[in-house]
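Q: Fold the following for me, if possible:
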Amino acid sequence: MNKDIKYLGIDISKDVFDVCDNNKAHYQFTNSSSGFKKFLKLLATNSTCVMEATGYYHSRLAYFLLEAGIGVCVVNPLKIKRYIQMNLSKIKTDKSDAKMIQQYAKDCEPKLWTGQSKKQQENLQVTRMLSIYSKQSTQLKNKIHGEEVLGTPAKGVVRSIKRSLKNLEKEIEVLEKALLENVKKEYQESLTLLKSIPGIGNKTALMLLVLTDGFQRFQSAKELCSYAGLTPIIRQSGTSVKGRPRISKMGNPKLRNLLFMCSFNACKYNQACKALYDRIVAKGKSKKLALIAVCNKLLKQAFSIVKNGVPFNREYKSTLVIN
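A: Numbering: from 1, shown residues only. Purely as a prediction, here's the structure:
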């Protein structure tokens with residue numbers, strides 16, 4: 001335990017956040033700029049603020065503290081929940097949660113959170129907006145089909161839907177162009193390298209770099225696969241419990257879904273992925289399991305290509321470093 005660090009537990013909600021310090025004193029501030037400034041006055045240079053990842057609510061405070069030079073830890077809520085259960089706590093309030101987060105930090109000493117660059121934050125916001133527009137576009141196309149199935153679709157309704165669809169397509173085009181320009185500025189070389197992998201196209205390479213921050217936050221392919229939620233969970237105990245292995249799905253769902261869609265093309269055009277798929281299916285395993293293995297393989301190839309800085313080449317794949 002590092003006694004020089006003063007951990008503060010923070011429980012955040014939409015309007016306020018509760019704080020518990022090293023002396024178990026409780027404070028409450030508004031989840032706003034004025035509340036952040038008042039909270040900052042309590043902190044010292046050796047303070048480390050620990051909070052749960054709560055969707056959007058924790059983000060502003062975390063980046064405010066980071067810019068002020070204060071240590072920040074953003075913890076998976078499941079870890080805090082399990083810690084509270086382990087301590088058999090019977091009280092569930094914002095104040096008690098802040099206290100338990102502080103105690104968790106003191107006992108477990110979580111890693112410091114580094115955040116993301118402003119450019120990366122912008123890219124992720126664009127990606128989320130594109131996802132929303134894409135879903136809306138699909139809904140409108142389905143609506144047009146539904147109206148046509150009726151046999152006598154109202155012309156005014158169909159025109160309205162088509163106008164909305166056209167506007168959506170324009171917005172998608174603008175955002176995709178902006179995203180491509182941002183990625184090219186930061187990761188032009190990596191983008192070119194990723195497109196050399198059979199089964200990975202322009203959009204897939206682009207999204208891989210956005211969702212992984214150019215693979216910069218990962219030290220090994222194993223760590224990256226874990227982030228994507230593609231690592232297996234094995235449940236076995238004694239002779240009676242022998243659960244079927246499955247992937248954790250605890251990582252980034254967008255990255256996992258992207259790789260799964262790519263796995264179909266990879267099985268056709270990527271020889272290493274095709275050989276892996278055929279080998280697993282030949283053993284009597286399910287095709288879905290084989291595709292998940294291909295996702296893993298594809299992600300490891302992408303990691304190695306970018307980290308080694310060499311284009312994909314089947315003849316020289318043995319020289320690539322896959323940690």
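
Q: Point out where the stretch 201-323 of the chain drops to low pLDDT.
A: Confidence mapping of the stretch 201-323 of the chain against pLDDT under 70 gives the ranges 232-250, 314-323.

Q: show me where it has helices.
A: Counting by DSSP state H, counting those that start in this stretch, the stretch 201-323 of the chain has helices at residues 202-212, 221-227, 253-269, 271-282, 287-308.

Q: List the buried residues in the first one.
A: For helix 202-212, the neighbour count (16 or more other CB atoms under 10 Å) marks 204-212 as buried. All C-beta atoms are positioned from the backbone trio N, CA, C, and that covers glycine.

Q: From what I see, Gln103 and Gly9 are in contact.
A: Yes: under the criterion of CB atoms under 8 Å, Gln103 makes contact with Gly9 at 7.2 Å.

Q: Neighbour count: those two, which is higher?
A: Gly9 (28 against 18; other CB atoms under 10 Å).

Q: what's near enough to touch the more buried one?
A: Neighbour list for Gly9: 19-20, 50-51, 97-105 [criterion: CB atoms under 8 Å, 6 or more residues apart in numbering].

Q: please redo it, this time with the cut-off set to 6 Å
A: Contacts here follow CB atoms under 6 Å, 6 or more residues apart in numbering; on that basis Gly9 touches 20, 50, 98, 101-102.

Q: Most neighbours out of the residues you listed, which is it?
A: Using other CB under 10 Å as the contact criterion, the top neighbour count among these goes to Ile101, which has 30 neighbours.

Q: How about it: what's its closest non-neighbour residue?
A: Beyond its immediate neighbours in the sequence, the residue positioned closest to Ile101 (CB to CB, 6 or more residues apart in numbering) is Gly9, lying 3.3 Å away.

Q: quick one: the helix or strand harbouring that neighbour to chain centroid distance?
A: Assessed by DSSP states H and E, Gly9 sits inside strand 6-12. Relative to its chain's centre, strand 6-12 lies at 24 Å (CA atoms, centre = their mean, to the nearest Å).

Q: got the angle for the helix or strand just after it vs strand 6-12?
A: Reading on from strand 6-12 to the C-terminus, the next helix or strand found by DSSP H and E is strand 16-20. Interaxial angle of strand 16-20 relative to strand 6-12 (axes from the mean of the first three to the mean of the last three CA atoms, to 10 degrees): 150 degrees.

Q: list the buried ones in strand 16-20?
A: Burial within strand 16-20, assessed by neighbour count using 16+ other CB under 10 Å, is assigned to 17-20.

Q: Nearest to Glu67 among those residues?
A: In terms of CB to CB, no member of the buried residues of strand 16-20 lies closer to Glu67 than Phe17, at 17.1 Å.

Q: Just list the residues touching the closest one, thanks.
A: For Phe17, the contacting residues are 10, 29, 31, by CB under 6 Å, 6+ apart.

Q: from the residues you listed, which single one is nearest Ala275?
A: Proximity of the contacts of Phe17 to Ala275 was ranked by CB to CB; the top entry is Ile10 with 49.8 Å.

Q: So in terms of bridging, what pairs with the closest one?
A: Note on Ile10: beta-bridge partners by DSSP bridges are Val19, Met51.

Q: wait, doesn't it sit right on Met51?
A: Yes: under the criterion of CB atoms under 6 Å, Ile10 is in contact with Met51, at a separation of 4.1 Å.
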